[in-house]
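# the sequence and its predicted three-dimensional model are supplied below.
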Amino acid sequence: MRALFLSLLLCCGTALAAADRAEMSQIVASLPVQHQGRIKPLASVARAWLLTVHARPSLRLPDDRRSATQWLMELLCDQENAFSCPVFTERNPAVIQALGLEDNPHSAYSFNQLAGACNQQASFLTALHERDAATLDVTERELLRLFSVIKSYHALSQSLTALLPVLDPGAAVRAELALEPGPYSFYQLRQRSDALATALATARTSSATPNPLLTQIVTLGSHMRELEQHGGHELALFPPQSNTGPWVTPWRLEQSPDVNPRLILAWQRLTQAWIQHDQAALSAAVTSIQHEIAPHADLTRLTLEVSYLQASWYAWAKLCYILALVAVGLGLLTTRSWPLRLATTLTVLALLVHLTGIGMRIWILQRPPVTTLYESILFVAAVAVIGGLIWEALRRDGLATFVAALLATTLLFVADAYADDGDTMGMLQAVLNSRMWLTIHVLTIATGYSIALIAGVIGHCYLGAAIVWPQDRQRLTSIERAMHGIGLVALLLVLAGTILGGIWADQSWGRFWGWDPKENGAMWIVLWLLMLFHMRLSGQAPALAYAAGMVVLNAVVVLAWFGVNLLGIGLHSYGFTDSVVATLLGFVTAEIVLAVALWALAHKRARPRIQPQVAAAETL
């Protein structure tokens, strides 16, 4: 009974400690850091790093759940425990085998495991690094990537060591320098370098044996040199008081006299409070940091960014879109109208959540919401829903709601894949450094992409309806008219966006058109739509062929939108482009095959309407 009581007490203590750490991590989450050229909250930096090593925005282990901020603070302040935590996710069995590690069901490995394995394979990794990247296979490239991540992870872990109270000067040194008992940080002792030099000179002239002062100074100097040798520069925490130039990392404070000493002291108090689990002292230190750094960072926007990261707006929007699709499916099984009304209500709710997320991004970044591929996906999905709801208000049969919800759900799943690459709020690319043209050109052409995708999905719907209801001419004609009208709107927007882009290019680069891959991609969409419209007007593309062409339009849009970035050439080659080649080619191939298959099946289903008439004519 006593053992059971002690076990329960231990479990309660562990749970309370975990809750305490979670609260402390929330307190420091909005502290400003200059990272990758942008001032962002500590939570955003932590999330990007954890996605790199763990492939998740929060730490999820079988017996451990931590926020990214808590994980980062523990890595910065307690390397010994952090290095034994299996935070690295590596699912490639060939890589694990090459490193000589044992496979485990969770594909999770600690820094100590991976660093030890890499040290044993140092000569092999060095040889790989010296080879031409074009000659490396998938496993070899992954080995080099993992090795690079391990080195960056170690550098990150050493970013605050200059401020951590980890050095014990020794009793003799404390007495000589009149220091209070307790550990000191590298920065604190370096501030007393003159006094240490004087003490060293005094110790060397002493004839006492043993000489504890000399021994302790030499040992302290060795520990300080080792810390400095491994110091990391991943976190820039200190803005110059003149507000000019980049922020300073803790290990460069000595070379940067233009840093607020009160801010340095507040960060030292923060690290000490975290190590001692002192939440009150931590809150006081955070308040001091925010007060000192307020002239250099917009704390309101940083707090809003933390809220944005924690809210998961697009996950909730995606859930509502999926429920809307389910409601439309129920509407097909019953003659009642409530499922379709429910579907429309859920789509509107999802759109409001979706737009809230986009609006928060605009306020946080102070720029239009289409500066990266990730942002363009979110924007195109929202425009598709708005267009679908407008169309639904005119039709009131659920088809437009289905198209809008399906397109938004698909695009948000695609956006999730891009979000897993790291920070989605990066600095504005130089090629986009014009707010007016960024707003006019990019929003116009992104809206054109969205409307073109709607036309492509309606093409699917038309072919599906022609297969299921081949005799329902009224239904088919209604869908065809909507498809054609929306296609015309898409052509107008993409053409206008392309012309506006040419004007922007003429002002920025001195030429209207340069056959850049992104420019060519927009032209593909325009030419494809013009071809379909001319074939329809000339009678060369009957309704079924016209709808199949609209299905292929999806592939054309995706190639123009994503595919040209994979080429890695041209002035427009920016944004995320990794790990999407196979998916992109698979989608394009699937759309083309599906268009042909649906057209063939719909054509076959339409033929029996003609056969009885032909037979009657032959009888006469």
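Arrived safely. Numbering: from 1, shown residues only.

# centroid residue for the chain?
A419 (2.8 Å; CA atoms, centre = their mean).

# and N81, how far is that from G231?
20 Å (CB to CB, to the nearest Å). Quick note: C-beta positions are derived from backbone N, CA and C, even for glycine.

# quick one: which of those two has more around it?
G231 (18 against 10; other CB atoms under 10 Å).

# hmm, back to that, give the contact list for the residue nearest to the centre of the chain.
Contacts for A419 (CB atoms under 8 Å, 6 or more residues apart in numbering) come out as Y374.

# any low-confidence regions in the protein?
1-19, 207-208, 420-423, 426-435, 437-438, 508, 565-580, 607-620 (pLDDT under 70).

# hey, which helix is longest across it?
Longest helix in the chain, counting residues (DSSP state H): helix 473-509.

# chain center to that one: distance?
30 Å (CA atoms, centre = their mean, to the nearest Å).

# for whichever helix or strand comes after that helix, packing partners?
Downstream of helix 473-509, the next assigned helix or strand under DSSP states H and E is helix 517-538. In terms of contacts (3 or more CB pairs under 8 Å, 6 or more residues apart in numbering; DSSP states H and E), helix 517-538 is packed against helix 443-468, helix 473-509, helix 543-561.

# would you list those in TSV and tack on mean neighbour count and distance to M436?
Shown next, in TSV, are the helices and strands packed on helix 517-538 (neighbours: other CB atoms under 10 Å; distance: least, CB to CB, whole Å):
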stretch	mean neighbour count	distance to M436
helix 443-468	23	11
helix 473-509	18	9
helix 543-561	23	23
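
# in JSON lines, list the ones you listed along with distance to L333.
Formatted as JSON lines, the helices and strands packed on helix 517-538 follow (distance: least, CB to CB, whole Å):
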{"stretch": "helix 443-468", "distance to L333": "14"}
{"stretch": "helix 473-509", "distance to L333": "18"}
{"stretch": "helix 543-561", "distance to L333": "25"}
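
# those helices: which one's closest to S376?
Taking CB to CB, helix 443-468 is the member of these nearest to S376, at 5.3 Å.

# tell me the angle of that closest one relative to helix 517-538?
Relative orientation of helix 443-468 and helix 517-538, computed by axes from the mean of the first three to the mean of the last three CA atoms, to 10 degrees: 40 degrees.

# report all helices and strands that helix 443-468 contacts.
Against helix 443-468 (3+ CB pairs under 8 Å, 6+ apart) you get helix 373-395, helix 399-419, helix 473-509, helix 517-538, helix 543-561, helix 581-606.

# now the ones you listed as TSV including distance to T249?
Output for the helices and strands packed on helix 443-468, formatted as TSV (distance: least, CB to CB, whole Å):
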stretch	distance to T249
helix 373-395	28
helix 399-419	27
helix 473-509	34
helix 517-538	37
helix 543-561	38
helix 581-606	37
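
# any idea how far the residue nearest to the centre of the chain is from I377?
Separation of A419 from I377 (CB to CB): 9 Å.

# next: R262.
Separation of R262 from I377 (CB to CB) stands at 43 Å.

# also R473?
37 Å.

# ditto for L265
44 Å.

# also V138?
26 Å.

# so for these two, which sits in the more crowded spot?
Set V138 next to I377 and count neighbours by other CB under 10 Å: I377 wins out with 26 against 10.

# without its sequence neighbours, what residue ends up closest to the more buried one?
In space, I377 comes closest to A415 once its chain neighbours are excluded; the distance is 4.3 Å by CB to CB, 6 or more residues apart in numbering.

# how about L76?
Going by CB to CB, 6+ apart, L76 has L160 as its nearest residue, at 4.4 Å.

# how far away from the center of its chain is stretch 137-153?
The answer for stretch 137-153 is 20 Å, by CA atoms, centre = their mean.

# about what we covered before: residues in contact with the residue nearest to L76?
L160 touches L76, C77, L235, P250, W267, T271, counting by CB under 8 Å, 6+ apart.

# so is it in a helix, a strand, or just coil?
coil (DSSP: H, G, I helix; E, B strand; the rest coil).

# one more: the one 5 residues further on?
At P165, secondary structure determined by three-state DSSP is coil.

# may I see the buried residues of the strand or helix carrying T287?
Secondary structure assignment for T287, by DSSP H and E: helix 279-293. Within helix 279-293, the residues that count as buried by 16 or more other CB atoms under 10 Å are L282, S283, A285, V286, S288, I289, Q290, E292, I293.

# please apply the same query to stretch 592-603.
L594, A595, L598, W599, A602, H603.

# farthest-separated two in those?
Among these, L594 and H603 lie farthest apart (CB to CB), at 14.5 Å.

# so what's the backbone phi/psi at R91?
Main-chain dihedrals, R91, degrees, to the nearest 10: phi -100, psi 0.

# contacting residues around it?
Listed by CB under 8 Å, 6+ apart, the contact set of R91 reads S107.

# from G539, how far off is it?
Taken as CB to CB, the span from R91 to G539 is 54 Å.

# P183 - how many residues pack around it?
Neighbours of P183 (other CB under 10 Å): 13.

# go ahead and confirm it touches R174.
No: P183 is not in contact with R174 according to CB atoms under 8 Å; the separation is 10.8 Å.

# tell me who's in contact with A343.
Going by CB under 8 Å, 6+ apart, A343 touches A324, L325, A327, V328, G331, G398, T401, F402, A405.

# what two of the residues you listed are the furthest from one another?
Across the contacts of A343 (CB to CB), the longest gap, 12.1 Å, separates G331 and A405.

# looking at those two, which one has more neighbours?
Between G331 and A405, counted using other CB under 10 Å, A405 has the larger neighbour count: 29 against 21.

# what's the spacing between the more buried one and L346?
When A405 is compared with L346 (using CB to CB), they lie 8 Å apart.

# overlap in contacts of these two?
Joint contacts of A405 and L346 (CB under 8 Å, 6+ apart) are Y321, A324.

# that older thread, looking at the helices and strands packed on helix 443-468, spot the one closest to S312.
Closest among these, using CB to CB: helix 399-419, at 10.7 Å.

# apart from its chain neighbours, what residue comes closest to A545?
Per CB to CB, 6+ apart, closest to A545 is W599, 6.6 Å.

# pretty sure Q290 sits against L299.
Yes: using CB under 8 Å, Q290 makes contact with L299 at a distance of 5.9 Å.
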